[in-house]
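Participant: structure for this input, please:
(chains A and B)
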Amino acid sequence: MTATPAERRVTRASAVPDVPAFDTAGLDAPVREALAELLLTMADDEFVLGFWDSEWTGIAPMLEEDVAFSSLAQDELGHARVLYEMLAQLTGGDADAIAFGRPVDGYRHCRLLDHPRTDWAFSVARRWLYDTADAVRLGALRRSSFAPLAEVVAKIRREETYHLMHMDVWLRRLAGGGEEPRRRLEDALAKLWPDALSPFAPLAGEHALLEAGILGQPMAELAERHLAQATATLAGLGIALAGGRVTGSPPSTVDGRDRAVPAESFRWLWNEFTMVHRSEEGATW
Amino acid sequence: MGSTADPSVKEEGRRDDAGRQGGGAQADVWEVFRQEKDGDPMRHAGNIRAPDAELATHYARELYSRRQESVRLWVVPRGAIRDLSDPDLLQPPLDRSFKKPGGYVMRDKLDAARRRVSREGSG
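Facilitator: Reported below is the predicted structural model:
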């Protein structure tokens, strides 16, 4: 049975109570387009990280952490759901179609999330880098002139508080956990560091967002803030990321993911998370 | 289903059960108490393993309130609990029915009092 898009929207609206109904009549076309771009990049980031980290379900270092890390991953899918839903309302599309119906090169997640799960230290390092970056980005949206976004961001930030606490614990545990955990953490950070600022890749419509007061500060400014905070935290743990091995390379393109072709690992992940959707296109589940 | 193992994922992320138990063996046990809603008593919820107090609170949160089922949690290291189960202290052998309120015959006195009250009320 296939529901018409209109029917589906009715069902979905009640299923996502966190997305306030909103009127986009007050937004002119360039602002609307830029807002859609912002929502899509943020939603894709949360969505892709959620799927990467859910790869740990069943195999995390201990049972309690397995539950915790899986729960964090689910939270990200929940955030993605709210953001996709908001995007669907803005563009008149369907959230499921946006989330699952795009080709593999249609996703706009940042380059930091184009790495596979790898080992535990790598997943911790990646999530720590992403969560701290995301906190900076969410901070720039909490007083957004687009009230529905400010409202949703306020709720997401409350959940991210716990994510930050948890990842901070793990970063410190691995940094002070003896020779092997420390080495694995440093290796992971070194590998990820060139992509650390990719969540702040400039958006094509960024100027319109800033002008309309939807985004508080330019992405480049947020990237600087994140860089300063992250290096200070790592320096406090005695992890020096300077010295040539690790540098903050600014994003070079404006497609929001700073990479034209997704890495092979993302193709694999996309294949996994779209498998059910592709098995019966248009089905109502 | 058309999926292949991710070629770039090193298998070191995979651990068997023995590996997981190894990590857990260093962890202490913490007892968790939860309050379901404001005003309810704290009830024992279960226990978790965690290597320190910080992770213990995180894991308590994940196992006993990630679906919003609690408004408050107490997380207590099992070692901090004084266990008392000595039968000589808790289940002493001699008859002690005289210590229970059932040892007093109250029924007749209560009936007499009720009769007196109703007489005075109607009179």
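Participant: and chain A, which residues reach chain B?
Facilitator: Residues of chain A that fall close to chain B, judged by CB under 8 Å from any CB of the partner chain: A:55-56, A:59-65, A:67-68, A:71, A:116-120, A:123, A:162, A:165-166, A:169, A:173, A:263-265, A:268-269, A:271-272, A:275. All C-beta atoms are positioned from the backbone trio N, CA, C, and that covers glycine.
Participant: can you pull the buried residues of the host helix or strand of B:Glu31?
Facilitator: Here B:Glu31, judged by DSSP states H and E, is contained in strand B:28-35. Across strand B:28-35, burial judged by 16 or more other CB atoms under 10 Å in any protein chain shown covers B:Trp30, B:Glu31, B:Val32, B:Phe33, B:Arg34, B:Gln35.
Participant: within the sheet, what are the partner strands of that strand, with directions?
Facilitator: The strands that strand B:28-35 pairs with in its sheet are strand B:43-50 (antiparallel), strand B:72-77 (antiparallel) (by DSSP bridges).
Participant: and among those strands, the most buried is which?
Facilitator: Using mean count of other CB atoms under 10 Å in any protein chain shown, the stretch among those with the largest mean neighbour count is strand B:43-50, at a mean of 17.
Participant: pLDDT (mean, whole number) over that one?
Facilitator: The average pLDDT within strand B:43-50 is 97.
Participant: pull the helix or strand with minimum mean pLDDT from chain B.
Facilitator: Lowest mean confidence among the helices and strands of chain B (mean pLDDT, DSSP states H and E): helix B:17-25, at a mean of 42.
Participant: with just CA atoms, put the helix or strand where A:Arg225 lies into PDB.
Facilitator: Using DSSP H and E, A:Arg225 falls within helix A:219-236. Output in PDB follows, covering the C-alpha atoms of helix A:219-236 (Å, rounded to 0.1, in the frame of the first residue of the first chain):
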ATOM      1  CA  MET A 219      31.000  29.200   9.700                       C
ATOM      2  CA  ALA A 220      34.600  30.300   9.500                       C
ATOM      3  CA  GLU A 221      34.300  32.000  12.800                       C
ATOM      4  CA  LEU A 222      32.700  28.900  14.400                       C
ATOM      5  CA  ALA A 223      35.500  26.800  13.000                       C
ATOM      6  CA  GLU A 224      38.100  29.100  14.700                       C
ATOM      7  CA  ARG A 225      36.200  28.800  18.000                       C
ATOM      8  CA  HIS A 226      36.100  25.000  17.700                       C
ATOM      9  CA  LEU A 227      39.700  24.800  16.800                       C
ATOM     10  CA  ALA A 228      40.700  26.900  19.900                       C
ATOM     11  CA  GLN A 229      38.600  24.900  22.200                       C
ATOM     12  CA  ALA A 230      39.600  21.500  20.900                       C
ATOM     13  CA  THR A 231      43.300  22.200  20.900                       C
ATOM     14  CA  ALA A 232      43.100  23.600  24.400                       C
ATOM     15  CA  THR A 233      41.300  20.400  25.700                       C
ATOM     16  CA  LEU A 234      43.900  18.200  23.900                       C
ATOM     17  CA  ALA A 235      46.800  20.300  25.200                       C
ATOM     18  CA  GLY A 236      45.400  19.800  28.700                       C
END
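Participant: how about it: buried residues?
Facilitator: Residues of helix A:219-236 classed as buried by neighbour count (16+ other CB under 10 Å): A:Met219, A:Leu222, A:Ala223, A:Glu224, A:Arg225, A:His226, A:Leu227, A:Ala230, A:Thr231, A:Thr233, A:Leu234.
Participant: nearest residue to the spatially most central residue of chain A in space, please, no chain neighbours.
Facilitator: Using CA atoms, centre = their mean, the residue of chain A that lies closest to the mean C-alpha position is A:Asp45, 2.6 Å off. For A:Asp45, ignoring the flanking residues on the chain, the nearest one in space by CB to CB, 6 or more residues apart in numbering or on different chains is A:His109 at 5.0 Å.
Participant: now do the buried residues in the helix of greatest length in chain B.
Facilitator: Ordering each helix of chain B by length in residues (DSSP state H) puts helix B:107-122 first. For helix B:107-122, the neighbour count (16+ other CB under 10 Å) marks no residue as buried.
Participant: quick one: it to chain centroid distance?
Facilitator: Offset of helix B:107-122 from its chain centre (CA atoms, centre = their mean, to the nearest Å): 45 Å.
Participant: just checking, what packs against that helix?
Facilitator: Contact partners of helix B:107-122 among helices and strands, from 3 or more CB pairs under 8 Å, 6 or more residues apart in numbering or on different chains; DSSP states H and E: none.
Participant: for it, give the mean pLDDT please.
Facilitator: What helix B:107-122 shows for mean pLDDT is 87.
Participant: same check on stretch A:138-158?
Facilitator: Averaged across stretch A:138-158, pLDDT comes to 96.
Participant: what does stretch B:83-96 give?
Facilitator: Stretch B:83-96 comes out at a mean pLDDT of 90.
Participant: how long is that stretch from one end to the other?
Facilitator: The straight-line separation of the ends of stretch B:83-96 (CA to CA, to the nearest Å) is 24 Å.
Participant: ok, A:Arg81 touching A:Gly50?
Facilitator: No. Under the criterion of CB atoms under 8 Å, A:Arg81 makes no contact with A:Gly50, lying 9.5 Å away.
Participant: verify the contact between A:Val67 and B:Tyr59 for me.
Facilitator: Yes. Using CB under 8 Å, A:Val67 is in contact with B:Tyr59, at 7.4 Å.
Participant: run a quick check on B:Ala56 versus B:Val75, I expect a contact.
Facilitator: Yes. Applying CB under 8 Å, one finds B:Ala56 in contact with B:Val75, separated by 5.1 Å.
Participant: need the residues touching each of those two.
Facilitator: Residues touching both B:Ala56 and B:Val75 comprise B:Trp30, with contact defined as CB atoms under 8 Å, 6 or more residues apart in numbering or on different chains.
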